[in-house]
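**Q** with the sequence up front, the predicted model follows.
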Number of protein chains: 2
Amino acid sequence: MVSPLISGAGRGEGSNVTSSPKPQYSHIPIGMETPDSLEPPTLPERSLLSADELKAGWRLACQAKVISDATVVVPERAIKAAIVPLSEIQPRPFVNKIHLCMPMPSIDDAISDLSRLRRALVGVAPNIKIDLSVLQTVPSLLAAASYDVTATIAGDRLIGLEPGNTVGESYGIAVDLGTTSVVVALVDLATGRVLGIESRLNGQANFGADVVSRITYSMSRSDGLLTLQKAAVDTINSAVATLAGKFSVSPHQIYEAVIVGNSCMSHLLLGVSPQSLAQAPYQPAISEHFICWAKDIGLDIHPGGPVYTLPNIAGFVGSDTVAVILATSMHRSSEIRLAIDLGTNGEIVLGNKDRLIACSTAAGPAFEGARISHGMRATDGAIERVWIDGDEIKLQVIGNRPAIGLCGSGLLDAVAQMRHAGLLNETGRLASRETLRDTSKSNLLDRIVAMDGTYGFILAREGSRQITLTQRDVRELQLAKGAIRAGISILLKEFGIGENDIDEILLAGAFGSFINPASARSIGLVPPLPIQRITAVGNAAGQGAIMALLSTELRSEADEIARVVQYVELSAHPDFMEQFIDDLQLSEWCSNASI
Amino acid sequence: MVSPLISGAGRGEGSNVTSSPKPQYSHIPIGMETPDSLEPPTLPERSLLSADELKAGWRLACQAKVISDATVVVPERAIKAAIVPLSEIQPRPFVNKIHLCMPMPSIDDAISDLSRLRRALVGVAPNIKIDLSVLQTVPSLLAAASYDVTATIAGDRLIGLEPGNTVGESYGIAVDLGTTSVVVALVDLATGRVLGIESRLNGQANFGADVVSRITYSMSRSDGLLTLQKAAVDTINSAVATLAGKFSVSPHQIYEAVIVGNSCMSHLLLGVSPQSLAQAPYQPAISEHFICWAKDIGLDIHPGGPVYTLPNIAGFVGSDTVAVILATSMHRSSEIRLAIDLGTNGEIVLGNKDRLIACSTAAGPAFEGARISHGMRATDGAIERVWIDGDEIKLQVIGNRPAIGLCGSGLLDAVAQMRHAGLLNETGRLASRETLRDTSKSNLLDRIVAMDGTYGFILAREGSRQITLTQRDVRELQLAKGAIRAGISILLKEFGIGENDIDEILLAGAFGSFINPASARSIGLVPPLPIQRITAVGNAAGQGAIMALLSTELRSEADEIARVVQYVELSAHPDFMEQFIDDLQLSEWCSNASI
């Protein structure tokens, strides 16, 4: 019971996103059975929770301070429903290693080396196929190892031989290839354990910030497609090299990669032109799952290891969304859930085991800290939490270091808190010094500075360096938030239900930090459901990729998911534009906080 | 009835081995029902046929001259039993082309290009696999061709797409990769017709004349294996380029290669070390059939086209012997046949549908014209027939040109005729001028010249150039002949039958010219069976490769052949050495010719 509280409160520790797997739950609301054993709700709690919620004893794990023995209740939903725990997955990877102790050849038993291998494998992998490059290594390797070897098998294919028994050394990577962020998990295929996670800025960002500009680049020059493919692969390779070094794993013993991403990323990764995605009728070149081999795309794992890309749903709803559904079990649940995958494209899925519909919106990279003045990825030095308490600003910085910039979750908090503090009006305009002078918050006045003909707000001062949120930054977030909220509205209409029919909202994203559900609700990114029905699930797409890496059965489920999810094309929807303009406002949800 | 006679007699025409498919039958014996309509038997006929045979009306198609209306009988065996005619094979190649006229993508039907392809192929090739390199070409190709394309499918794999309907343009190559000679046939997979045949000296010959020296070379330096692989592939590529040019076929439309050869050649072609073939227990790295892709070995056909190597029987009985059995249908016949594949290694197979046994002997490249003073391959300018009539020497030269040298069949004829003319004694020693002065053949005396401390015999004078057969050349042939004949003896013993139990002897070889069966019998290369039971079948291994190229069913038969044939290791056989020494003699068969 206490662990979620600790994992929420302890977010500052071990929060280097480049090291170990993230805690599954964070910033979750907790119910207090003994309200008096806590200090009274803080201003952030008062600004983010409703009066009813506070009255019912809901507090925020990241805020509530214990002063005597306390009993807390963690909502069952937050534990059970959010994401399928990896510990529940029986590892049945596509790649398997088998130790073979074969009799040495003799005059009476002089069958070919390959026949000897097949004979030894007949019970486990009959009719095995072998690539020429592997065959070429067979005779010398068998001789040197005295026919005591470990065979690595991918499906019906022998991809490698190693001397001795190396069955325990079997690794894979699961990759969430985002337009802006790339997250790579190193997984032990023998135990099913995630050893570590590395994230990187997608090297393709140098050639365009979004999907459309990448497609344009790929078409603009003869080596454009190859350049973008290489940039993506190099990004993954960089993360793999770091992980391999950190966990003393030979890249040659990383035998498989499962990769998810939007359709454009899948095309670029495979070196397949995404041109058709940019023009009607927007058919992709490929939407089904695909297997190629690491050497085909230059991925620095075992060269003959399979690279498995999960299927896409439609032109702009990619395999990352399939992975989100897989990870959140939406396709098996009776409850109606709304999953939002926040990235450069925001993918939204609504439904349950009976029906799932999805759409994609161009949210821009604001949630990933990109195109924000002092934006950064959620690594050491990033402000990931912001509270404005009276005229004091409190920050939580990843790695407990001096702040360098602001990541997506910090941006969301900052805007939510500034709105509650009256620093932003409902259209998102920053207060001028004149406006603020009349309020009790006049001591925040010093932080307002004129910038670019309008204003900026100084969130932090580190020495001579200031971390400022500009009017333009707020606008970026508003555009992203508006697009996503409009997408949610269209999906609800298409599904034929209202906001209150949603049993749970899941906030996912590969940006490396957990969005505060209360802040998301506060700025109107999500519908105003009771707080215990809004859960931040972290990088669900990455989690789904890990699950598919671990289990071939789950891959079949992913194929089925891609087949059944119904795609809603927002740009073609008559209501979208009006909804979007409505949803740009920051007026949605007013808390009971006394501002 | 007359065609075999013509094809035999007309051997001089169209005999450029680098152009068109060989006539199937040549130099066959024919039975005369009207003896008086022919000129009397020539001396070659008298020297090569027995008295009984002549009395029964047997004549040689290459010798008998018609003087009035004649009725000839071609032995049924020569037509039916020798080699399976390609016209009897229903082409069912591994590679198939299918014309697809797909609807263009639209908003209502915007499935991926790959899904569209699969949908179009679902009836003919469900669950088709596709390589990344092909996938990468799909979108632009489909768009450019307005979705009217021809798919090329190898088994369950889409290997290429072409705009429009190109179903009729589908080619393959069948390769007999010999230690000395490489023969490549270009085959139209749509019609099953052989368009042309090219032969080349194996470029590996620069690195060693025989299998053992090639293995040594492959081990002697780090790039040895790669060098030999490249030499073999370059040799095939050279032949392919010539054939493609001559028959206006795009190398990209040559979709498959079926390759046969001895075990060492198979290993070297695939870049797999043949080292284990050279040391006990002599197990090969690979003996079963194998499929790789043209680009894997640098073969200049369609890069994604399969390269299929037929299975080997044992260490030194290769897939070329499997192909000989396939081509001659030994494995289906009730009659007991002895097939001899004359090459640098002589492979011998004995048996019928109930049992087949095989061995291999190191015959050396004499039958291919190599290591003979004036030896050459059977191309234009090669003496392919020799008759000594009285003191006159008659030659038949390929291409009806001035003679440049002597090919294998000419060498065999020359030795047989010289033996009958008393120019060689039974130990194979060339007559000295002194010996000959006493005989009626003293006018051949001018042709005997002293060479290297012994003698040589001038077969032809072309201007200032002399074509000489030396004592050493005779010894080379004796060694080859002795090895093969000893192998035959051991196989007969192992099988438990005598020479007369053989229903038919088949003489095969890739040397490009048809061995004269009567000469082969005369020098004791084969047991002295009645002449109508000895048939020269040409390049049966190459023919078997063509059959396997045309029919996947025959490939399964080839697998079964390789499985059932029993291998006899001659070097381990206690009787081999003694038999070999016996069989070196040229004393075996004495004809009725009056010399």
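**A** Yep, that arrived.
**Q** how about the helices of the stretch 351-500 of chain A, start to end?
**A** For the stretch 351-500 of chain A, helices defined by DSSP state H, counting those that start in this stretch occupy the ranges A:408-420, A:433-437, A:471-495.
**Q** which stretch in these is the model least sure about?
**A** Out of the helices of the stretch 351-500 of chain A, helix A:433-437 stands lowest, with a mean of 71 (criterion: mean pLDDT).
**Q** please export the C-alpha coordinates of that one as PDB.
**A** Below are the C-alpha coordinates for helix A:433-437, written out as PDB (Å, rounded to 0.1, in the frame of the first residue of the first chain):
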ATOM      1  CA  ARG A 433       2.700  44.000 -14.900                       C
ATOM      2  CA  GLU A 434      -0.200  46.400 -14.900                       C
ATOM      3  CA  THR A 435      -2.800  43.700 -14.400                       C
ATOM      4  CA  LEU A 436      -0.800  41.900 -11.700                       C
ATOM      5  CA  ARG A 437      -0.100  45.100  -9.700                       C
END
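**Q** what comes up buried for it?
**A** Along helix A:433-437, the positions that meet the burial threshold by neighbour count (16 or more other CB atoms under 10 Å in any protein chain shown) are A:Leu436. Heads up, the C-betas are built off the backbone N, CA and C, glycines and all.
**Q** grab the nearest non-local neighbour of the residue in the stretch 351-500 of chain A that chain B sits nearest to.
**A** Taking CB to the nearest CB as the measure, the point where the stretch 351-500 of chain A comes nearest chain B is A:Ser360, at 14.5 Å. Beyond its immediate neighbours in the sequence, the residue positioned closest to A:Ser360 (CB to CB, 6 or more residues apart in numbering or on different chains) is A:Phe316, lying 4.1 Å away.
**Q** state the distance from that neighbour to chain B.
**A** Summarising the geometry, the distance separating A:Phe316 from chain B, computed by CB to the nearest CB, to the nearest Å, is 11 Å.
**Q** returning to that earlier point: contact partners for the residue of the stretch 351-500 of chain A closest to chain B?
**A** Under the criterion of CB atoms under 8 Å, 6 or more residues apart in numbering or on different chains, the contact list for A:Ser360 reads A:Asn262, A:Phe316, A:Val317, A:Gly318, A:Thr321, A:Asn345, A:Gly346, A:Glu347, A:Ile348, A:Gly487, A:Leu570.
**Q** do A:Val565 as well
**A** In this structure, A:Val565 makes contact with A:Ile313, A:Val317, A:Thr321, A:Val322, A:Ile325, A:Val349, A:Leu356, A:Ile357, A:Ala358, judged by CB under 8 Å, 6+ apart.
**Q** so which of those residues are in strands?
**A** Among the contacts of A:Val565, the residues falling in strands (DSSP state E) are A:Val349, A:Leu356, A:Ile357, A:Ala358.
**Q** and the second one, what does it touch?
**A** Put plainly, it is A:Leu356. Contact criterion CB under 8 Å, 6+ apart gives A:Ile325, A:Met330, A:His331, A:Val349, A:Leu350, A:Ile561, A:Val564, A:Val565, A:Gln566 as the residues in contact with A:Leu356.
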